[in-house]
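> How does the following fold in three dimensions:
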Amino acid sequence: MPLHSRLFFTLALLICGAAPAHSFTIPSAVSQSSPVQRRTATTSLQAEPVGSENSAVDSFVESIKRSVRIIQDSQAEKADFKQIVANVLAGDYDSASTRKKVEELVASAPCVVFTWEASPFSQKALKYLDIAGAEVKNVRLDDPWDEGNPLRAELGKMVGRTSVPCVWIGGEYVGGFDGGVSEEKPGILELAFKGELLPKLEAAGALKKKKAD
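Take a look at the predicted model:
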């Protein structure tokens, strides 16, 4: 599917739930008329909006405009499809302060993993890092979403990948579970097969301290 078609489809999914609700009612005069009159009258029934239609429609239109603007800005920055989706989900946010928060989180522990609770690969990364003996700081990007989505978008800009898990060891991005952005950052599975994961964890001071006998 061409990029512009995928973007349109994604935008439609993002905003499809924002349309104002309507209820359709039969005027009392119609409901008390004969069957023939009712059949004739129902052809011209009007939708009666529930609640404040103007404010709901204005909000819907603004949501569309904001999403389109973010898509256009992202395309101008040569962002790939997944990054554009992450940017749209994040909405308008302060990039500088969000990046600072990411950097603070990354520096807050020797091994930091950004995850989603429902992501199978996130759970696998946490499981196998634990088996490797790592002390992991799990930063959930879905708790809550409105805080996690900007972090995810900024992480994507920083490392070139928006997927979760996003694993950092000793302040260095190493990829996800079974994928990454380069041979040096291939994800923890490949690092383990290469025999490089444990040395990285040890050098960063991320291994759990063994209990004395």
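
> so where is this protein shaky, pLDDT-wise?
Within the chain, the stretches with pLDDT under 70 are 1-52, 211-213.

> can we see that at 90?
Flagging of the chain using pLDDT under 90 yields the residue ranges 1-60, 209-213.

> center of it, which residue is that?
Note on the chain: the residue nearest the mean C-alpha position is Asn149, at 4.7 Å, using CA atoms, centre = their mean.

> gap between that one and Gln123?
Asn149 is 20 Å from Gln123, where distance means CB to CB, to the nearest Å. (Glycine included, C-beta is placed from N, CA and C.)

> in stretch 107-125, what counts as buried?
Within stretch 107-125, the residues scored as buried using 16 or more other CB atoms under 10 Å are 109-116, 119, 121-122, 124-125.

> Grab the longest helix from the chain for me.
In the chain, with assignment by DSSP state H, the single longest helix is helix 53-76.

> which element follows that one toward the C-terminus?
Per DSSP states H and E, helix 53-76 leads on to helix 81-90 as the next helix or strand towards the C-terminus.

> what angle separates that following helix from helix 53-76?
With axes from the mean of the first three to the mean of the last three CA atoms, to 10 degrees defining the directions, helix 81-90 sits at 150 degrees from helix 53-76.

> Over to Ser122: give its phi and psi.
As for Ser122, its main-chain torsions (degrees, to the nearest 10) stand at phi -60, psi -40.

> correct me, but it touches Thr115?
Yes: here Ser122 reaches Thr115: they are 3.6 Å apart, a contact under CB atoms under 8 Å.

> For the longest helix of the chain, buried residues please.
For helix 53-76, the neighbour count (16+ other CB under 10 Å) marks Ala56, Ser67, Ile70, Ile71, Ser74 as buried.

> cool, and stretch 86-96?
Using 16+ other CB under 10 Å as the test for burial, stretch 86-96 gives Ala86, Asn87, Val88, Leu89, Ala90, Tyr93.

> that older thread, could you dump the buried residues of stretch 107-125 to TSV with secondary structure and distance to Glu184?
Below are the buried residues of stretch 107-125 laid out as TSV (DSSP: H, G, I helix; E, B strand; the rest coil; distance: CB to CB, whole Å):
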residue	secondary structure	distance to Glu184
Ala109	coil	21
Pro110	coil	19
Cys111	strand	17
Val112	strand	18
Val113	strand	18
Phe114	strand	19
Thr115	strand	22
Trp116	coil	25
Ser119	coil	24
Phe121	helix	20
Ser122	helix	22
Lys124	helix	21
Ala125	helix	18
